[in-house]
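A.B. asks: Have a look at this prediction, sequence included:
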Amino acid sequence: MATSATAGAVGPGPLRLAKLIAFAAPAALLAGAYYFQYGRGLPPCEMCWWQRYAHMAALAFAIIALIGGKLPDRGRSFVWLAALGILASGLIGGYHAGVEAGLFEGFTQCTSLTGGGSGSNDDLLKAIIAAPIVRCDQVPWSLFGISMAGWNAILSVLGALVVLWLSLKRPPVRI
C-alpha cells in the first residue's frame, strides 16, 4: 500500500513529461540555432529556416498543450501536433544533411538575407547585395563529423519519438 510520502514521489505522469519534452526540445534546438547565428556569426541557409519554422510551430503547439490541461484530451492532441512539428524539422534536417553530404541535390534558392533594409529601395538593394550567400550544401560547423543539420535530425527525430511514446503511455494506477 502506498503512503502519502511515496505517492508524491512518483513524479509527473507520462503525458506531463511528454508536454515538457515537446516544449524543451524545440526551444533548446532553436536556442542553439540562434546562438550559432548571432553568437558565432553563422547565418542560416534556406533549409535551416525550414527546420526552424517546424520547430516554431512545434513550440506553439507545446505551449498550448502545457496550458491546455482543461481540454477534453488534457492537451494530448496538441502534444501530438508538437511531436509532428519536431519530427518534420528532423526530417528536413536529415534531408539537409544529405544535401551537405552530396547524397541529394539541393535547391537553387539556398541563400540568406540576414539584415533588412531600413526603408528605401536603395537601402534594401544594398542589404541584399551585402547579404552573405549561404549555401545549403556547405557545412559551416560540425561536431564529431556531424553537421548542425545532422544533429537537428538526430535530436529531433529521437525527441519526437520519445514525446509520442510518452503521450501514448497510460498513467500509473494509484491505489
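C.D. replies: Structure's in. What do you need?

A.B. asks: for this structure, what spans make up the strands?
C.D. replies: Secondary structure of the chain (DSSP state E): strands at 142-143, 146-147.

A.B. asks: Where among these is average confidence lowest?
C.D. replies: Ranked by mean pLDDT, these bottom out at strand 142-143, which scores a mean of 66.

A.B. asks: mind showing which ranges of this protein have poor pLDDT?
C.D. replies: Of all residues in the chain, those with pLDDT under 70 make up the ranges 1-11, 106-119, 127-128, 130-136, 139, 141-143, 171-175.

A.B. asks: If I follow the layout properly, residue 50 ends up in contact with residue 93?
C.D. replies: No - counting by CB atoms under 8 Å, residue 50 does not reach residue 93; the two are 9.1 Å apart. C-betas here are computed from N, CA, C, even on glycine.

A.B. asks: pretty sure residue 140 contacts residue 96?
C.D. replies: No - at 11.8 Å, residue 140 does not count as touching residue 96 under the criterion of CB under 8 Å.

A.B. asks: hey, what's in contact with both of those two?
C.D. replies: Common contacts of residue 140 and residue 96 (CB atoms under 8 Å, 6 or more residues apart in numbering): residue 147.

A.B. asks: Those two: which is more packed in?
C.D. replies: Neighbour count, other CB atoms under 10 Å: between residue 140 and residue 96, residue 96 has more, with 27 against 18.

A.B. asks: which residues touch that one?
C.D. replies: The contact partners of residue 96, by CB under 8 Å, 6+ apart, come to 47, 48, 51, 136, 147, 149, 152, 153.

A.B. asks: and if we set it to 10 Å?
C.D. replies: By CB atoms under 10 Å, 6 or more residues apart in numbering, the residues touching residue 96 are 45-48, 50-51, 104, 106, 110, 136-137, 147-150, 152-153.

A.B. asks: From the residues you listed, list just the buried residues.
C.D. replies: By neighbour count, with 16 or more other CB atoms under 10 Å, those hold 45-48, 50-51, 106, 110, 136-137, 147-150, 152-153 as buried.

A.B. asks: Among the residues you listed, which one lies nearest to residue 28?
C.D. replies: Relative to residue 28, the closest of the buried ones among the contacts of residue 96 is residue 152; by CB to CB it sits at 10.9 Å.

A.B. asks: does the closest one really touch residue 55, like I thought?
C.D. replies: Yes - in terms of CB atoms under 10 Å, residue 152 counts as a neighbour of residue 55; the distance is 8.5 Å.

A.B. asks: any common contacting residues for these two?
C.D. replies: 29, 33, 86, 89, 90, 92, 93.

A.B. asks: who wins for most neighbours among those residues?
C.D. replies: Busiest of the shared contacts of residue 152 and residue 55 [other CB under 10 Å] is residue 86, holding 33 neighbours.

A.B. asks: Report the spatially nearest residue to it, omitting neighbours in sequence.
C.D. replies: Computed as CB to CB, 6 or more residues apart in numbering, the closest residue to residue 86 that is not its neighbour in sequence is residue 160, at 4.2 Å.
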